[in-house]
Each structure stands twice: as structure tokens, then as C-alpha cells.
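Undergrad: No sequence on hand, only this structure:
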């Protein structure tokens, strides 16, 4: 016969823990409801109540609100504090965000080694952005010993999850043979995956592969297609190469006006090539063509205000 006896200590601890968590859970849910309705001040109060009660998700959400300045002034120190609380409880997104703040010196000292530590914890839980950033640290030897094989390992994990920047970095590794055997076909495959997601760096490099016939049959039309996609996003190298294709009539009908447009934009974006500049093309153009080209430049810049484009 099974007799009733004293409650086992482990079960008692569990029950008490549950009772203690109920208020925190209530505050979290109320905070979530307020947040969804755009009432950030109430959400901040409720999440803080839950966070101070030990709720890890509330701690992470509170960190996000301080980072974004929702319901309060932006406060990187508070954001980093609450991300750390949640990160220490194993929340992968908080571990990634804490790593990011450590990497950039936000809310506290810049510490690449600490960034790597938290990125790794999140990466091992499958966080794709943490995997990418950890790979970058290994690639650059920042906060960890430089190890391109390890960089490639993390890039691949994030790339397999569909992260375009990781796919691009993995493609570059194959393209240059860094951390992995050089393989143009694999480079093309990964450039294409990132390019199809709109990554301008990948679009330019894919255009270059088609232009030079590396990893794929040489194809001027495909080169033009990918250069154009990257050029429209402001990549000066793609704009320059696209301009040259118009100058030569390769993969597209020869067109000095279009060549002038793209070579001018490339120059404004910082790409300097004295032998193949808009000035060279302008000498071949009629007065009307030059006027048309200048008008196209102005129209493009009106649609696309100048920004710092980093390759």
C-alpha cells in the first residue's frame, strides 16, 4: 500500500518556484499585451517587474526596449545590463545582443574576447547571426586567435540557415581559398544564394564571375544582369563595370548615355579609374547626349540620396 508521507524536498522546491514565478509570468504577459498595443511605457513597467522577478524573456525584452528607446530614453548601459541577465539564463538572442554590445563598446567597454564568448554561446544554440559574427571574429583574429578554418565552419552553419551575409562570406572563402580549398563553382553557388536575397556585394561578385568565366561559362548578359542589380543598390564597383559594358556593348547594346550615367555614379561613389571615367565617354558624346546623361545622373541621385557604401 502506498502511504502518503512528507512532500519530497525536490518537489517542494519546484512547487515553491512555480508559486514565485506566477507574479513574474503575469507581469510578462501584461507587458507583452501592452507592447503589442504600442503602450511602451506600460510594457516597460510590466517587463521590469517580471525581469526583477527573474523572468529571462522579460529581461531580454527590457534590454531591447532600453536599446531602442521604447517607453524611455535610449540607455545602452541598462540594455547591456538586462541582456546580460537574460544571457546568463541561456536566452540565445540575449547572448547574441550582449555579444554585439561588447563588440561595439555599447553600454560598457569594448571587449572582443567577451563578445566572442557570448557569440559562441548563442551560436552553439543555433543563432545564425551569432554564428556569422563569431566567424567574422575568427576570420579577423579579433578577440580570438585568427583561424580561417574555424571561420568557415561558422559561416557555413549560418549560411545553411539562409543568412545572406554568411553565404557571401562563405563564397568569398571558396573564391580566395581561405580556410577551405579554392573552388570557383562553390563560390558561384554561394554567391548566387546571397545575390538572390538581394546582397549587393554578392551580386557584384557574381557578375564578376560571369564576366570572367570563373566557375561558370563566360556570359556577358548574366554579368550585366548582376552588375545592374548591385549598381542600383549603389555599389560603385558594379556601377563602374556596368558602365564599361555599355561603353563596349558587351552583354547589352552599346550606349554612351547609359555608360556616362554609371561611370559618373561610380566616380561619385569613390571608384576612380582615369582610363575609364565619364570624362572619357563624354568626349565621344554629342551635346544632347551629354545633357541626357547629366539628367539621368541627377534623377538617379534624387531617387537615391548619397550614402556611404562599404564593400
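TA: Thanks, I have it. If you're wondering where the values come from, they're calculated on a predicted model, not measured in any experiment. Numbering: from 1, shown residues only.
Undergrad: Flag the shaky bits of the stretch 101-250 of the chain, pLDDT-wise.
TA: Screening the stretch 101-250 of the chain residue by residue with the criterion pLDDT under 70, one finds no matching range.
Undergrad: Give the helix, strand or coil label for the spatially most central residue of the chain.
TA: The chain has residue 165 as the residue nearest its centroid, 5.8 Å off, counting by CA atoms, centre = their mean. Recorded secondary structure, residue 165: helix (DSSP: H, G, I helix; E, B strand; the rest coil).
Undergrad: right, and it touches residue 200 too?
TA: No - taking CB atoms under 8 Å as the definition, residue 165 is not a contact partner of residue 200, at 11.3 Å. C-betas here are computed from N, CA, C, even on glycine.
Undergrad: any idea which element the closest residue to the residue nearest to the centre of the chain other than its chain neighbours lies in?
TA: Taking CB to CB, 6 or more residues apart in numbering as the measure, residue 165 lies nearest to residue 132, with 5.8 Å between them; neighbours along the chain are not counted. Secondary structure assigned from DSSP states H and E places residue 132 in helix 128-140.
Undergrad: Identify all contacting residues around that helix.
TA: 92, 95-96, 99-100, 103, 112, 115-116, 118-123, 142-144, 146-148, 150-155, 157-158, 161-163, 165-166, 169, 178-179 (CB atoms under 8 Å, 6 or more residues apart in numbering).
Undergrad: repeat for stretch 188-201
TA: Everything outside stretch 188-201 that qualifies as a contact, by CB under 8 Å, 6+ apart, is 159, 162, 164-165, 167-168, 170-171, 174-175, 202-203, 205-206, 209, 214-216, 226, 229-230, 233-235, 238, 311.
Undergrad: at 6 Å instead, please
TA: Taking contacts as CB atoms under 6 Å, 6 or more residues apart in numbering, the residues outside stretch 188-201 that touch it are 164, 167-168, 170-171, 202-203, 205-206, 209, 215-216, 230, 233, 235.
Undergrad: From those, which land in helices?
TA: 164, 167, 168, 170, 171, 202, 203, 205, 206, 209, 230 (DSSP state H).
Undergrad: which non-adjacent residue is nearest the fifth one?
TA: It refers to residue 171. Once flanking residues are discounted, residue 171 sits nearest to residue 190: 3.5 Å by CB to CB, 6+ apart.
Undergrad: How about the second one?
TA: Here the nearest residue to residue 167 in space, its sequence neighbours aside, is residue 194; by CB to CB, 6+ apart that works out to 3.9 Å.
Undergrad: That neighbour: how many residues sit nearby?
TA: With neighbours defined by other CB atoms under 10 Å, the count for residue 194 comes to 27.
Undergrad: How about residue 280?
TA: Using other CB under 10 Å, residue 280 is surrounded by 15 other residues.
Undergrad: next one: residue 44
TA: Counted with other CB under 10 Å, residues neighbouring residue 44 total 20.
Undergrad: now residue 288
TA: The burial metric for residue 288, expressed as a neighbour count using other CB under 10 Å, is 9.
Undergrad: Could you look up the SS state of it?
TA: Applying three-state DSSP to residue 288 yields a three-state assignment of helix.
Undergrad: Could you check how far residue 186 is from residue 104?
TA: Between residue 186 and residue 104 the distance is 32 Å, computed by CB to CB, to the nearest Å.
Undergrad: Spatially, what comes nearest to residue 238 if we skip its sequence neighbours?
TA: When the adjacent residues along the chain are set aside, residue 238 lies closest to residue 230, with 3.5 Å between them (CB to CB, 6+ apart).
Undergrad: how many neighbours does the residue nearest to residue 235 when sequence neighbours are not counted have?
TA: Ranked by CB to CB, 6+ apart and with sequence neighbours excluded, the top spatial neighbour of residue 235 is residue 200, at 4.7 Å. Using other CB under 10 Å as the criterion, residue 200 is surrounded by 22 other residues.
Undergrad: Next: the one 10 residues further on.
TA: Residue 210 is surrounded by 23 other residues when neighbours are defined as other CB under 10 Å.
Undergrad: Thank you kindly, that will do.
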